[in-house]
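In: Got a sequence here, can you model it:
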Amino acid sequence: MASWLPETLFEIVGQGPAPSQDYYQLLVTRCEVIFRWWKVSLRSEDQGKQPGEAKDSHEDFLKNSHLQVQIALIFGARILEYVLNLCEGKFDFLERLSDNLLLTIISYLDLEDIARLSQTSRRFAKLCRSDQLWEPIVQSYCDDITSDMRALALAVGWRQTFFTNMLQLQQESHEREQREGSQGHSQF
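Out: Take a look at the predicted model:
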């Protein structure tokens, strides 16, 4: 396993499905899966029960179908699938990078690639729509950002401002080509 990974790879807490009021924690470290539970009950026979804990190595967890079923019931099949992938050494390293680092990487992509990346996950969709990404893009395409443009960007966002300006530039370019074409015909 990569040594630069943090000790805790994944953690989630939640309440069991109704009618249970029990609380659960699932913790995946570099070496083991830890499942903890706290009984919550008004019954006198359940009061004073100690929290429970089950610890398995990654290898043992992959064989422990009983614990896998419990995790799927409490946290859902997607969480179970993610934990199984972690235990098998299948890490999504890109998802582990900070937002600021990802925004820096994304800023080097072409606009079409940014659009495609935004469709891959909720996190990338959020990053690809963020003002942190689009403000420098607008600045790189525009020679001067007027106070009106800045006000528009604050109102509707830098991404929307960029595409509004791109449409205006295309329209102005088209009108300039038409003027030059009509002037060129009149000179002959």
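
In: can we go C-alpha only for contacts and neighbour counts from here?
Out: Will do.

In: Point out where the chain drops to low pLDDT.
Out: 1-5, 44, 46-47, 165-167, 169-170, 172-174, 176, 182-188 (pLDDT under 70).

In: residue boundaries of the strands in it?
Out: Assigned by DSSP state E, the chain shows strands spanning 8-15, 23-29, 32-38, 52-57.

In: helices and strands around the shortest one, which ones?
Out: Put plainly, it is strand 52-57. Judged by 3 or more CA pairs under 8 Å, 6 or more residues apart in numbering; DSSP states H and E, strand 52-57 is in contact with strand 32-38.

In: how close does the residue nearest the centre of the chain sit to Ser130?
Out: Residue closest to the mean C-alpha point of the chain, counted by CA atoms, centre = their mean, is Arg123 at 1.8 Å. Distance, Arg123 to Ser130, using CA to CA, to the nearest Å: 11 Å.

In: same check, this time on Phe10
Out: Going from Phe10 to Ser130 by CA to CA gives 26 Å.

In: Repeat that for Leu26.
Out: 31 Å.

In: neighbour count winner among the two?
Out: Leu26 (22 against 15; other CA atoms under 10 Å).

In: who does the more buried one bridge with?
Out: Ile12, Phe35 (DSSP bridges).

In: For it, list the residues it contacts.
Out: Neighbour list for Leu26: 10-13, 33-36 [criterion: CA atoms under 8 Å, 6 or more residues apart in numbering].

In: now swap in Pro17 and tell me
Out: 73-74.

In: quick one, what contacts Glu88?
Out: By CA under 8 Å, 6+ apart, the contact list for Glu88 reads His58.

In: Wait, Arg30 touches Phe10, no?
Out: No: using CA atoms under 8 Å, Arg30 is not in contact with Phe10, being 9.4 Å away.
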